[in-house]
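Trainee: Quick check, what structure comes out for this input:
(2 chains)
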2 protein chains.
Amino acid sequence: MKNAPRTTDEGKRLFRQVYDHIVTRIERGEWKPHDKLPSIRLLSEQLRMNRLTVFRAYQLLKQDRKAYVKEKSGYYVSSGNQEHFPVGHEGNRPLSASVHLKNSMNDIQQIPVVYQFSQALIDPNLLPNLFLSDYVKKVFDIYPKLMGTYSTPQGDAELRETLGRYLVGELRTQLTASELLITSGAQQAIDLISRTFVRPMDAILVERPTYSAAIDIFRQQGARFHSVDIQPDGYDLEQVENLMRTHKPRLFYMNPTFHNPTGYTVPSSQRKRLVELAERYRCLLIEDDAFHDIYFDGPPPPPLFTYDTDGWVVYLRGFSKYVAPGLRICAVAARQAVLQPLITAKSLADNGTPLVNQKIFLHYFESERMRQHIEKLRTALHMRKDIVEEELAATDWKWVTPQGGLNLWLQLPESLSVEALLNECLRQSISFVPGTICDPLGEMTSWIRLSYSFVSEGQLRDGVKRLADIARR
Amino acid sequence: MKNAPRTTDEGKRLFRQVYDHIVTRIERGEWKPHDKLPSIRLLSEQLRMNRLTVFRAYQLLKQDRKAYVKEKSGYYVSSGNQEHFPVGHEGNRPLSASVHLKNSMNDIQQIPVVYQFSQALIDPNLLPNLFLSDYVKKVFDIYPKLMGTYSTPQGDAELRETLGRYLVGELRTQLTASELLITSGAQQAIDLISRTFVRPMDAILVERPTYSAAIDIFRQQGARFHSVDIQPDGYDLEQVENLMRTHKPRLFYMNPTFHNPTGYTVPSSQRKRLVELAERYRCLLIEDDAFHDIYFDGPPPPPLFTYDTDGWVVYLRGFSKYVAPGLRICAVAARQAVLQPLITAKSLADNGTPLVNQKIFLHYFESERMRQHIEKLRTALHMRKDIVEEELAATDWKWVTPQGGLNLWLQLPESLSVEALLNECLRQSISFVPGTICDPLGEMTSWIRLSYSFVSEGQLRDGVKRLADIARR
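Mentor: Numbers count the residues shown, from 1 in each chain, chains lettered A, B, ... in the order given. Predicted coordinates for the structure are as follows:
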């Protein structure tokens, strides 16, 4: 994954993105049959892209009969391109959803299996369920009218005060309750950020590989992807700076701590420098820190947000992964210039996370029991990770032992087809995430993500054995 | 509000929308200084608009120095248009949120007042709070692991089964659990629909006046508005057909039963015909039916969804208004071609409404106590509406007595400035909603919406007296 050989790949991907962008607009009827398409010069300037990339996209449009050429005039939209409304109408106008509306991970996770290694979720048996239920009852005794009350869009003030104090301790930086927004899970936060700051064909940076739902969310918004390789020792900062300088991305969505799917952690030494680059190139860093508290041997380095003095880092701290998944609570920390439009977007999206969920979370989060729970959880997850590594020791698969998080990122021999393996596994009630859907370029065909957090220890050992067996055959 | 005199107004509004559209794209850097703007002919074709409308927008751009003219060549983007990131950077690239990100209603409702007439919410004292709290405890006894479990994006199957059976009875039409999606409130449903089916500059229809958050949501998506007047006896169907034929709107967002803000109900006779028009002109009808159960003398006519055989109606049934506002539960009923992309959009937006909320709602909704509650609630709201009408009888304000819902829509004398009245009222701790923010054209300057559902009977009488007093002075 060095720079030089990837240039061609990236060029190839880029021209596909231009192609998709144009086809989408044609299918939605924005550009109609026999409309003139923008000139190659104009479009390449607008998209800050090489003319050759745009030229290749236009060539493919021609080849696919989506467009035709008039000599000395340019490219025109062909007729007969429009999608039709699937109910079977003969009308002349399409009613189609956004073409890029897709949730790849969800497609896999919806399949019911016994050995559920595709869900990066905590085994419900590891949560203090009875205690939680009792807690909920207490909360309703404290706030008897809780069910009849809305939250403000920004989130319950009491919860923001508490989380503000907590995060100041963790982040070692100034942070007030007014600089926090409560969202329904980190995924909603990513979506609100995408809607607020990304426009169609805006360049953005994502890690390669990355969280597949983030790919789907930014793709829905029509973003143009550039990818930053993440390795066990972090990013190639020269690559990051090159991408920022060349493509002027709006944002860099990153998960630098116990990264999903790889488990890698970007070292302290790179964090400060990344914030400097963000300031210099005016690129928002979206720091998703969902796994911060799930470490095995010791806490991770301070977040990038700690080094940010100028408002270029947006910090997402989801608690769904371990506090109470069913509540869907995430805190977004950002400075006012960025937070205010996000609060408005949240108010339009759902008018605020339900107050019930926020109050239950608040009181549980503050409890002593919660501190004990997280200690126990770390140990339990550490043990599960060790079990998987033990079982996999007999294979020729490669991985880097993670220091935290919920996932192992496994490189399989190239001779093995991950697609065939997944199909056979699903038949035998085992699921995992194929690496391709975590890859913005869709090319990591020899990798899989295996989550060790959801099934019990016994099932984990049994399931990994079976998985390795299937792979051997 | 007849057709003829509105044409000019509408023309005026349209050219402002084109102007705003272009300015937004310039400010976001999509069109850069000295880029050539699309020709008037091309843009008017793309937007299905009169060339004169586009011409006027371009004239205004020139006048405001957003664009300049090169003779015999066309319009070009001026330099120095770009917004700057408010943190104070000198960089050359803007980082701006979507220009139309705004929530007008929220701005008013965030102001704490004693006489809260701007919130169309149920007084928490009218809800069976103790019963609800007890109920929550029971639910946690039934599902001890509820807090550790996610819902599917489409919503809990048990809840969808129950709501499906219930709605079949109410809607008198076929409906299965697979044709329902659970969202976090009706507002989220509107937002998901807007994102899925509306693209920038797509034409849509909304009522005039309408729910102000819906205006803000569709505006955020860059929709081009055309408005259908709603009167005590419904719509002017000729106006609806004209608008559908001329502008080919993607959808018509409507609230035909105890309409917000007017309280009017579209009569049965028009409902079937509206579904026919929707089919004919391929325009989705988004039927928001939040007030269906809040009637005074008798139930409302069947929803438009009842008459729909071909999948052109999307039915939104929010329960936040009266079952348990704090839970934020809404059911979206639609046929597969429309529902499937909405489920994907929901999965990307927040991965599903929290299961806790769905299960609590489900068990409460099925309870006998719930049936009793809704009966009592109708009586209580009827009484509150009567109180307001009694107090207003002494004024020269005009209104039509609503048969259900939470709001009175009041026409004040033209001599009275609603803006000045609101400012003085807020100073005296009274709030209401000015009609202009419910009007897609922003011109209903003599109207206000007064919600009688949130404050107690005593406060209601007192507050309306004070409001009328302030108006008299």
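
Trainee: drop to CA atoms for contacts and neighbour counts, all remaining ones
Mentor: Fine.

Trainee: What are the buried residues along the helix or strand harbouring A:Leu43?
Mentor: If you go by DSSP states H and E, A:Leu43 is part of helix A:40-46. Burial within helix A:40-46, assessed by neighbour count using 16 or more other Cα atoms under 10 Å in any protein chain shown, is assigned to A:Ile40, A:Leu43, A:Ser44, A:Glu45.

Trainee: same check, this time on stretch A:300-317
Mentor: Applying 16+ other Cα under 10 Å to stretch A:300-317 flags A:300, A:302-308, A:311-317 as buried.

Trainee: Look up how far A:Leu412 lies from the residue in the stretch 151-300 of chain A that chain B sits nearest to.
Mentor: Closest approach between the stretch 151-300 of chain A and chain B, counting by Cα to the nearest Cα: A:Gln188, at 4.7 Å. Distance of A:Gln188 to A:Leu412, computed by Cα to Cα, to the nearest Å: 33 Å.

Trainee: tell me the SS of the most centrally placed residue in chain A?
Mentor: Centroid-nearest residue in chain A: A:Ala214, 2.9 Å away (criterion: Cα atoms, centre = their mean). Secondary structure, DSSP: H, G, I helix; E, B strand; the rest coil: A:Ala214 is helix.

Trainee: give the contact list for it.
Mentor: Listed by Cα atoms under 8 Å, 6 or more residues apart in numbering or on different chains, the contact set of A:Ala214 reads A:Gln187, A:Ile190.

Trainee: got a pLDDT number for it?
Mentor: As predicted, A:Ala214 sits at a pLDDT of 95.

Trainee: which among the buried residues of stretch A:300-317 gets closest to chain B?
Mentor: The closest of those, once distances to chain B are taken by Cα to the nearest Cα, is A:Gly311, at 7.4 Å.

Trainee: Look at the residue nearest to that closest one when sequence neighbours are not counted and say how many residues are nearby.
Mentor: Excluding the flanking residues, the one nearest A:Gly311 by Cα to Cα, 6 or more residues apart in numbering or on different chains is A:Arg335, at 5.3 Å. Applying other Cα atoms under 10 Å in any protein chain shown, we find 20 residues neighbouring A:Arg335.

Trainee: gap between A:Arg335 and A:Leu342?
Mentor: From A:Arg335 to A:Leu342 the distance is 11 Å (Cα to Cα).

Trainee: related to what we said a few turns ago, from the buried residues of helix A:40-46, pick the one nearest A:Pro200.
Mentor: Set against A:Pro200, the nearest of these by Cα to Cα is A:Leu43 (13.2 Å).

Trainee: And the pLDDT for A:Gly169?
Mentor: 89.

Trainee: What strand or helix carries it?
Mentor: Using DSSP H and E, A:Gly169 sits within helix A:157-171.

Trainee: Now that helix: buried residues?
Mentor: A:Ala157, A:Leu159, A:Arg160, A:Glu161, A:Thr162, A:Leu163, A:Gly164, A:Leu167.

Trainee: for that helix, the distance to its chain's centre please.
Mentor: Going by Cα atoms, centre = their mean, to the nearest Å, the spacing between the C-alpha centre of helix A:157-171 and its chain's C-alpha centre is 24 Å.

Trainee: Then stretch A:167-178?
Mentor: Centre-to-centre, stretch A:167-178 and its host chain are 24 Å apart (Cα atoms, centre = their mean).

Trainee: what's the span of that stretch from first residue to last?
Mentor: With Cα to Cα applied, stretch A:167-178 spans 13 Å between its terminal residues.

Trainee: for stretch A:351-370, same thing?
Mentor: Terminal residues of stretch A:351-370 lie 29 Å apart, using Cα to Cα.

Trainee: can you give me the helices for the stretch 1-150 of chain A?
Mentor: A:3-27, A:40-46, A:51-63, A:104-109, A:129-142 (DSSP state H, counting those that start in this stretch).

Trainee: so can I have JSON lines of these showing distance to chain B?
Mentor: Output for those, formatted as JSON lines (distance: least, Cα to the nearest Cα, whole Å):
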{"stretch": "helix A:3-27", "distance to chain B": "10"}
{"stretch": "helix A:40-46", "distance to chain B": "6"}
{"stretch": "helix A:51-63", "distance to chain B": "16"}
{"stretch": "helix A:104-109", "distance to chain B": "8"}
{"stretch": "helix A:129-142", "distance to chain B": "6"}
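
Trainee: per-stretch mean pLDDT over those helices, give me the minimum one.
Mentor: helix A:3-27 (a mean of 68).

Trainee: got the residues of the stretch 301-450 of chain A near chain B?
Mentor: For the stretch 301-450 of chain A, the contact set with chain B under Cα under 8 Å from any Cα of the partner chain comprises A:310-311, A:324-328, A:337, A:341, A:344-345, A:347-351, A:354-356.

Trainee: ChimeraX command for the buried members of those residues?
Mentor: Selecting the buried subset of those in ChimeraX, with 16+ other Cα under 10 Å as the burial test, is done by:
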select /A:311,324,325,326,327,328,337,341,344,345,347,348,349,350,351,354,355,356
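
Trainee: Filter the residues of the stretch 301-450 of chain A next to chain B down to the ones in strands?
Mentor: Among these, no member is found in strands (DSSP state E).

Trainee: which ones among the residues of the stretch 301-450 of chain A next to chain B are found in helices?
Mentor: A:Ala337, A:Pro341, A:Thr344, A:Ala345, A:Ser347, A:Leu348, A:Ala349, A:Leu355, A:Val356 (DSSP state H).

Trainee: immediately after the host helix or strand of A:Gln239, which helix or strand?
Mentor: Assigned by DSSP H and E, A:Gln239 falls within helix A:237-247. Later in the chain than helix A:237-247, the nearest helix or strand by DSSP H and E is strand A:251-254.

Trainee: Quick one: mean pLDDT over that next one.
Mentor: Average pLDDT, strand A:251-254: 98.

Trainee: buried sites along the helix or strand just after it?
Mentor: Next in sequence after strand A:251-254, counting helices and strands by DSSP H and E, comes helix A:268-281. Judged by neighbour count (16+ other Cα under 10 Å), helix A:268-281 contains these buried residues: A:Arg271, A:Lys272, A:Leu274, A:Val275, A:Glu276, A:Leu277, A:Ala278, A:Glu279, A:Tyr281.

Trainee: For the third one, list the residues it contacts.
Mentor: Contact criterion Cα under 8 Å, 6+ apart gives A:Leu237, A:Leu304 as the residues in contact with A:Leu274.

Trainee: Kindly report the domain assignment for chain A.
Mentor: Using automatic domain parsing, the domain ranges for chain A come out as A:3-77, A:104-126+A:370-472, A:130-368.

Trainee: The helix holding A:Leu43 packs against which elements?
Mentor: Contacts defined by 3 or more Cα pairs under 8 Å, 6 or more residues apart in numbering or on different chains; DSSP states H and E place helix A:40-46 against helix A:51-63.

Trainee: Show me what the helix it packs on is packed against.
Mentor: Looks like helix A:51-63 contacts helix A:3-27, helix A:40-46, strand A:67-70 (3+ Cα pairs under 8 Å, 6+ apart).

Trainee: buried residues in the shortest one?
Mentor: Judged by neighbour count (16+ other Cα under 10 Å), strand A:67-70 contains these buried residues: A:Ala67, A:Tyr68.
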